[in-house]
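Colleague: Predicted model and sequence below, questions to follow.
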Amino acid sequence: MVGARFTSFLVKVASRCNLDCEYCYVYHHADQSWRSLPRLLSGDNQAEFVCRLAEYAKEVELEHCLVIFHGGEPLLLGASELSAFAKAIRAALEPATRVDFGLQTNGLLLTEDAIDILKSENIAISLSLDGPREVNDRHRVTRKGRSSFVRTMKALKLLNEHRSIFAGVIAVIDPHFAPSELLAFFAEHKVPRLDFLLPDANHLRQPPFREQDPDIFSAWLKQAFDTWFDEYSTLPIRTFDALLDAAAGLPSRTDAFGLGDVSLLTIETDGSYHDLDVLKITRDGATSLGEDLANTSVAAIAASPAIEAHRGLLRKEGLSDTCQKCVEVDICGGGSLPHRYGSNGFRNPTVYCGEMQSLIAHIRQRLAKALGSSEGERRDIGLPSFSLEEFELAETSPACVSGLVDSAGAAQSRELSDLVERLRADSLIDEEVATKFRMLDEQEVRKVSLRPATVAWTRAMWAAIAKRPVFSVDGSPLTPTAGELVGFLTSSESGIEIAQDDEWLRKPFGTAIAFEPPDVSLNAQALVDHALAIIHQWRPAIATEIVSICRSIQLVRDPGAHPDKIVSFSDNTVPGALYVSVTKAEGFIDAYDLADSLVHEYRHQKLYLLERLFPMVQPNSLKVVSPWRQDLRPPSGLLHAIFVFVELRRFWQHVRDRGPARLHNRAINQLADTDRHLAVGMETLMGCPLTEAGRTLAQVLDRARVT
């Protein structure tokens, strides 16, 4: 078995701290090894780490990694020393491996000068702060028991003045304080991202306060989620975002939930290798891997029995029997590993199992209510209110597709409106621009917000506000600017825009895709019109549906593909945009091939609309064989392929029966390949973890593929 692949490295540059937080896993739990560790990471160990990391990055061809400076309090090492350390790491790894840096601090040593120094190496700073003074000072005090609040708030103010490196705030939950008070506090101070953490606990050391009130954390979490969902949903909160995604059938984006793999390695101040740092809450020496930088490579640690044992605990078969039988296992994944620990090791549900089950059920109810479903509905949010058989066929789908488009338009209008208000509040746009937006009526806002380029820019801007990096397909960073809003407000195009020169229709793909120059696009207009006419002649309902769902056709070529290869794609980051090639080596492609590409990508967009509200696949990490692709695909990708080729099968039947004679034999061959692939793909899909809606749609497609 291939060893773990480390992509994150938590470097403990200091083993001491200038605060004495009573819940800290380093100083107030089972492992007390900090007492015998050097106070700071020495220059020699820093240099050794640089060499080992560079060696590992080259060996495994690491394209990107994250180095987190941690402690104790990492600023005890000094901002200049941290900056020099980061510079040495970059020099050794880049450009072959891109390195991002993070710093977790209590803020007491953060000054304007320190921020300037850290900013010079683009070290993102995350601040520990539990909330207003009464909340924060209940647990986060100095070693002499004094308040830390004033100095921490000074750090928060400084970070808000340097938001380009402000990664967010981490807060540990005290269930005695109202969630509404905390959320109002953090929203008022405009934190870019918030992580609410449950106090570290396990089965040998139960969560605080729960003995007196068994439901204290469950009640707090549900109240906090409701307040966030109803009033502060634009404030990114990792736990809630992850659970909301998972409940909607999307992959979890945090290591606190869901099954996964080991990707993080810890380095202590003595240069020794360690496993996940929070495992210190379980027993003395729990994190030690028994090797150090001087004697052992990172690759050797990645393949070590200890890391392999940890990996096994993150697989479904490594969970307790209770977890393996639980209906929520694909979301919770057994919970955080340290929280599973008991007298029998880690084969237990998380000590917060009751809280997680209660919160997940509550989120499902809120989602069902928000989507107009009855409370207590089935766990996959249930079937759509319309017939999926009607949805699949363009002639019977206008009403349900119109409803899905309206829903998407309303959501995107709210997202854009909230963004404009946030940009205005942060003084990132002029009041004049905000006023211009407010003067748009509901239909005008919807028209602007539904343009694919607007959607792509809006999502990128929200990510930028939350300090979440956004990259194009080729790995280049995407850097949206608030000033680009003006361009969207002054655009008044309607219908399908063909070869529109809009950066945000093209930026998400970097240099991976080449866009045809204006002269080629102009000459291709007649070809595009011909292809659309072919579709209309075949089935007017599909031509109508393409116009209702899609708003842009971009003309592309793949620089790395054979000149004769016909390329097309679509992506839900730019919903409503179809990317198709119109040329090959000897000139323009056949209009029927372009019609095939347009139908292909429109079907992806149609299914994206449905999936936005009704997940088709249950949360899973499965990869399956798709007969149309050489690489393994997630089940959702296979479902998309079948949904597309069921319609293309109808198209090529039309070409065989009523198309030009020159394409008759090709249509026959195309249909034979499609029928064979659909049969194989459908058999595989039926064995995948589909939701009830997904299984119903699969059955509809299974019937359609043989008619």
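Modeller: Now that the structure is in, tell me what you want to look at.
Colleague: Can you list the low-confidence ranges for the stretch 551-700 of the chain?
Modeller: 620-621, 630-631 (pLDDT under 70).
Colleague: Going along the chain, name the strands of it.
Modeller: 552-557, 568-569, 577-580, 583-584, 587-588 (DSSP state E, counting those that start in this stretch).
Colleague: Parallel or antiparallel, list what pairs with the longest one.
Modeller: Spelled out, it's strand 552-557. Paired with strand 552-557 in the same sheet, following DSSP bridges, are strand 497-498 (parallel), strand 514-515 (antiparallel), strand 577-580 (parallel).
Colleague: For that strand, list the C-alpha coordinates in PDB.
Modeller: Extracted C-alpha coordinates of strand 552-557, given in PDB (Å, rounded to 0.1, in the frame of the first residue of the first chain):
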ATOM      1  CA  SER A 552     -23.000  32.000 -22.800                       C
ATOM      2  CA  ILE A 553     -21.200  30.000 -25.500                       C
ATOM      3  CA  GLN A 554     -17.400  30.300 -25.400                       C
ATOM      4  CA  LEU A 555     -15.200  29.100 -28.300                       C
ATOM      5  CA  VAL A 556     -12.100  27.300 -27.100                       C
ATOM      6  CA  ARG A 557      -9.300  24.900 -28.100                       C
END
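Colleague: Return the distance of that strand from the chain's centre.
Modeller: Chain-centre distance of strand 552-557: 26 Å, with C-alpha atoms, centre = their mean, to the nearest Å.
Colleague: hmm, who's touching it?
Modeller: With C-beta atoms under 8 Å, 6 or more residues apart in numbering as the test, strand 552-557 has contacts from 451-453, 496-500, 502, 505-506, 513-516, 520-521, 524, 528, 567, 574, 576-583, 598. For the C-beta atoms, the positions are set from N, CA and C on the backbone; glycine is no exception.
Colleague: Burial check on Ile307, number of neighbours?
Modeller: 20 (other C-beta atoms under 10 Å).
Colleague: quick revisit: now render the strands of the stretch 551-700 of the chain as TSV, adding mean neighbour count and distance to Pro305.
Modeller: Formatted as TSV, those follow (neighbours: other C-beta atoms under 10 Å; distance: least, C-beta to C-beta, whole Å):
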stretch	mean neighbour count	distance to Pro305
strand 552-557	22	49
strand 568-569	19	43
strand 577-580	26	47
strand 583-584	18	54
strand 587-588	12	60
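Colleague: Throw the ones you listed into a markdown table and include distance to Val680, thanks.
Modeller: Shown next, in a markdown table, are the strands of the stretch 551-700 of the chain (distance: least, C-beta to C-beta, whole Å):
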| stretch | distance to Val680 |
| --- | --- |
| strand 552-557 | 29 |
| strand 568-569 | 22 |
| strand 577-580 | 26 |
| strand 583-584 | 29 |
| strand 587-588 | 33 |
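Colleague: Check the protein for its longest helix and report it.
Modeller: The longest helix of the chain (DSSP state H) is helix 398-425.
Colleague: Figure out the length between the terminal residues of stretch 654-666.
Modeller: In stretch 654-666, first residue to last residue: 12 Å (C-alpha to C-alpha, to the nearest Å).
Colleague: Oh, that last question was meant for stretch 339-353, not what I typed.
Modeller: 9 Å.
Colleague: mind checking how far it is from the chain centre?
Modeller: The chain centre lies 28 Å from the centre of stretch 339-353; the measure is C-alpha atoms, centre = their mean.
Colleague: Buried residues in that stretch, which are they?
Modeller: 339-341, 346-353 (16 or more other C-beta atoms under 10 Å).
Colleague: Over to stretch 437-449?
Modeller: 437, 440, 445-449.
Colleague: From the residues you listed, which land in helices?
Modeller: Cross-referencing the buried residues of stretch 437-449 against helices under DSSP H gives 437, 445-449.
Colleague: Kindly reformat these as TSV containing pLDDT.
Modeller: As requested, these are exported to TSV (pLDDT from 0 to 100):
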residue	pLDDT
Phe437	89
Val445	88
Arg446	87
Lys447	87
Val448	89
Ser449	88
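Colleague: ok, so of these, who is nearest Phe391?
Modeller: Phe391 lies nearest to Arg446 out of those, by C-beta to C-beta, at 22.1 Å.
Colleague: what about the helices in the stretch 1-150 of the chain?
Modeller: Using DSSP state H, counting those that start in this stretch, the helices found in the stretch 1-150 of the chain span residues 43-59, 79-93, 112-120, 133-139, 149-161.
Colleague: Could you export those to a markdown table, including columns for mean neighbour count, distance to Ala306 and mean pLDDT?
Modeller: Below are the helices of the stretch 1-150 of the chain laid out as a markdown table (neighbours: other C-beta atoms under 10 Å; distance: least, C-beta to C-beta, whole Å; pLDDT from 0 to 100):
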| stretch | mean neighbour count | distance to Ala306 | mean pLDDT |
| --- | --- | --- | --- |
| helix 43-59 | 18 | 17 | 97 |
| helix 79-93 | 18 | 25 | 97 |
| helix 112-120 | 16 | 33 | 96 |
| helix 133-139 | 18 | 32 | 93 |
| helix 149-161 | 17 | 36 | 96 |
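Colleague: mind checking which of these is nearest Glu431?
Modeller: helix 149-161 (20.5 Å).
Colleague: Point out the other helices and strands that that closest one packs with.
Modeller: Packing partners of helix 149-161 (3 or more C-beta pairs under 8 Å, 6 or more residues apart in numbering; DSSP states H and E): helix 112-120, strand 123-128, helix 133-139, strand 166-172.
Colleague: Nearest approach to Ala92 belongs to which of these?
Modeller: Nearest of the helices and strands packed on helix 149-161 (C-beta to C-beta): strand 123-128, 16.5 Å.
Colleague: and that closest one, which strands flank it?
Modeller: Next to strand 123-128 in the sheet, as set by DSSP bridges, lie strand 98-105 (parallel), strand 166-172 (parallel).
Colleague: Tell me which of the ones you listed is the most buried.
Modeller: strand 166-172 (a mean of 22; mean count of other C-beta atoms under 10 Å).
Colleague: isn't Thr239 right next to Phe196, touching?
Modeller: Yes - proximity of Thr239 to Phe196 meets the contact threshold set by C-beta atoms under 8 Å, at 5.7 Å.
Colleague: Please tabulate the strands paired with strand 123-128 in JSON lines and include mean pLDDT and distance to Asp213 as additional columns.
Modeller: Below are those laid out as JSON lines (pLDDT from 0 to 100; distance: least, C-beta to C-beta, whole Å):
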{"stretch": "strand 98-105", "mean pLDDT": "95", "distance to Asp213": "31"}
{"stretch": "strand 166-172", "mean pLDDT": "95", "distance to Asp213": "18"}
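Colleague: Sounds good, over and out.
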